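Participant: structure of the sequence below:
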Amino acid sequence: MNGFVQTLGLSRSGRILADVAHPPVDNPSRPPSVDRLARSLTGTGLPHPLLVQIARRAIAEGDPGSAPELARRRARQMLVPVINATGVLLHTNLGRAPIAHHQEATYANLELDLSNGKRGSRQEAVGTLVATAVGADDAIIVNNCAAAVLLILAALGRDRCVAVSRGELVEIGGGFRVPDVMTQSGATLVEVGTTNRTRLADFQRAAADHDLALAMHIHQSNYRIVGFTESVSIADLSSLDVPVVADIGSGLLDASCPWLDGPPPDWLRDEPAARQTLEAGAALVCFSGDKLLGGPQAGIIAGRADLVRTCARHPLARALRPGGLVLSALQATLEAYLRRDGDAIPFWRMAARSTGELRDRADDLARRTDHEVTVIDTRAVPGGGTLPDVSFPSIGVRLVGDHVEALREHGRPIIARIENQHTVLDLRTIDPDDDEIVVEALDGLTTSTSSP
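Facilitator: Numbers count the residues shown, from 1 in each chain. Below you'll find the model as predicted:
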């Protein structure tokens, strides 16, 4: 172990470790053994088989000295906690809504009815909570909202026609396109209206000309069409003699936001909500669990009991169902809603913070760090494909120059943003409990990282 030089690694918790050594060199003409080189990298916290792979690669490339850097980079690819300083509340790359959920290593009555000891449904407990929260007859949970759309179309529209406005034939992240999903489901897409203007008469004509199983309304959650436009409301669509399915996407449960102490935030004024969409006449709504709901990734289908049951009985429902961990986290989130305890939901806790509170924290952070920072007004955004043209006031600190890489390399990675060649950390998306870590990271920045 003589001559080892320490470098930084990450533990599973995301904390810095400092016992990753440069590889031993017994004889410069001979490479070190794979096992010995792998054992010199244990400070990364990576499992030994991964370290063996890294050691073999470094030796095969004729550069055993690259092994610590290869190990460090591999450790950085593992899932670790990060601090979101971007001001994007639902940051897709950071897992969208932050969730606080812990479960002991124990069995749970996932599919056991405790009242009679017989097999039960994994959907019933959480489905009942969803239905209660949005005023639906019933609800089921799948992996994500794309899965919810696929299941609805396959269960209710296969071998029949489904009408959708041309202005709502969206593509979202990952290449998810409504026409492609329609094809995969076995339903036939009937395009109605035009890109910018669709009327009820267009849907009525489609119903007269085709065997319509459903009329779909898809919320334009990640884009806007403005100007000479016209669209059909849920209430008008419900006058058709076919069930209306509304994909509201972002997952706002109730437009009145009864879980908040005050009135609904102004930035939500045009966002459709599940309860009001069902009240307007939709037979089903579907939405995400990890956006405005503030829970884990999931897709939720709620509405008429007969349609929900048909979806639940479809063979795809088993392939798309979530596991116990997701259902448990979603249950905890929904229970907070039903208690009207928005403060227990991290997303709403962030969104509801006053700029005064954020400014106090920013001032305190500026006083405590040795690095020169400036407290500034900023604008935060919902993110996650939600409310694309909406922002709201926030407070941040600005550092001269580009420090994003240095902050990202901190023991607990801090993800910041660049504005006008300066680094900005937005306090709205930083948990107050992490302020001490931010101060530590700022104090660790060197002048060499500060030049624009």
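Participant: element containing the most centrally placed residue in the chain?
Facilitator: The chain has R96 as the residue nearest its centroid, 2.5 Å off, counting by CA atoms, centre = their mean. Under the criterion of DSSP states H and E, R96 resides outside all helices and strands.
Participant: any stretches of the stretch 201-350 of the chain with poor pLDDT?
Facilitator: 221-224 (pLDDT under 70).
Participant: which stretches of it form strands?
Facilitator: Ranges of strands in the stretch 201-350 of the chain, per DSSP state E, counting those that start in this stretch, are 212-218, 244-249, 284-288, 299-303.
Participant: show me the one of the ones you listed that comes nearest H403.
Facilitator: strand 284-288 (32.9 Å; CB to CB). Backbone N, C-alpha and C define where each C-beta goes, glycine included.
Participant: buried sites along the longest strand seen in the chain?
Facilitator: If you go by DSSP state E, the chain has its longest strand at strand 374-383. Buried residues in strand 374-383, counting neighbours by 16 or more other CB atoms under 10 Å, are found at 375-376, 378, 380-383.
Participant: of all the strands of the stretch 201-350 of the chain, which lies closest to P179?
Facilitator: For P179, the closest of these is strand 212-218, at 11.4 Å, according to CB to CB.
Participant: just to revisit the earlier point, was I right to think the residue nearest to the centre of the chain contacts L90?
Facilitator: Yes. Using CB atoms under 8 Å, R96 is in contact with L90, at 4.6 Å.
Participant: what is in contact with these two at once?
Facilitator: 290-291, 383-384 (CB atoms under 8 Å, 6 or more residues apart in numbering).
Participant: coming back round to it: which residues does the residue nearest to the centre of the chain contact?
Facilitator: 90, 290-291, 297, 383-384.
Participant: spatially, which two of the residues you listed are the most separated?
Facilitator: Q297 and G383 (14.7 Å).
Participant: what distance do you get for the residue nearest to E440 when sequence neighbours are not counted to D443?
Facilitator: Counting by CB to CB, 6 or more residues apart in numbering, H410 is the residue found nearest to E440 once chain neighbours are left out, at 7.9 Å. Distance of H410 to D443, computed by CB to CB, to the nearest Å: 11 Å.
Participant: when these two are compared, which one has more neighbours?
Facilitator: H410 (20 against 11; other CB atoms under 10 Å).
Participant: what ranges do the strands span in the stretch 1-150 of the chain?
Facilitator: Counting by DSSP E, counting those that start in this stretch, the strands of the stretch 1-150 of the chain are 6-10, 16-21, 83-84, 88-90, 112-113, 118-119, 138-142.
Participant: those strands: lowest mean pLDDT?
Facilitator: Mean pLDDT is lowest for strand 6-10 among the strands of the stretch 1-150 of the chain, at a mean of 39.
Participant: residues contacting V126?
Facilitator: 139, 141, 327, 330-331, 334.
Participant: re the thing from before, rank the buried residues of strand 374-383 by pLDDT and give me only the lowest.
Facilitator: G383 (86).
Participant: L338 against L129, yeah?
Facilitator: Yes. Judged on CB under 8 Å, L338 makes contact with L129 at a distance of 6.7 Å.
Participant: quick revisit: closest to D266 among the shared contacts of R96 and L90?
Facilitator: Using CB to CB, the shared contacts of R96 and L90 come closest to D266 at G383, 17.4 Å.
Participant: domain parsing for this structure?
Facilitator: Using automatic domain parsing, the domain parsing of the chain gives 6-76, 83-98+353-449, 121-344.
Participant: looking at these, which is closest to E104?
Facilitator: Closest among the domains of the chain, once you apply CB to CB, is domain 121-344, at 10.6 Å.
Participant: who touches A100 in this structure?
Facilitator: P346.
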